[in-house]
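Visitor: Following is a predicted model, sequence given first.
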Amino acid sequence: MKDRLKYHLEKANLYGLLAKFYEHMDPEKHCYYYKKHFYHEQKVVQYHKEMKGSKESSYYSSQMCGGCGL
């Protein structure tokens, strides 16, 4: 999961920079790169929430019943 998060984070960053670069020079390229940026940004949020949720659920299960997991 961390590899996918890193991949999408890098792509979101790259496409965000390209979208910003083309914003006033070429509106079509700007839209193209912004859509790609937005897609990868959504994936970053999704994976981050999944990772955060799995850490929280494992923490809470270890805290229940004196750490016995019940």
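Guide: Thanks, I have the structure now.
Visitor: in what helix or strand does the residue nearest the centre of the chain lie?
Guide: Geometric centre of the chain, nearest residue: Val44, 0.7 Å, by C-alpha atoms, centre = their mean. Secondary-structure assignment from DSSP states H and E places Val44 in helix 27-63.
Visitor: For Asp26, give me the backbone phi and psi.
Guide: Per-residue torsions, Asp26: phi -150, psi 90 (degrees, to the nearest 10).
Visitor: Three-state assignment for His24, please.
Guide: coil (DSSP: H, G, I helix; E, B strand; the rest coil).
Visitor: count of neighbours near it?
Guide: 8 (other C-beta atoms under 10 Å). Placement of C-beta: from N, CA and C, glycine included.
Visitor: Then Met51?
Guide: Residues contacting Met51 under the criterion other C-beta under 10 Å number 13.
Visitor: Kind regards, and thank you for your time.
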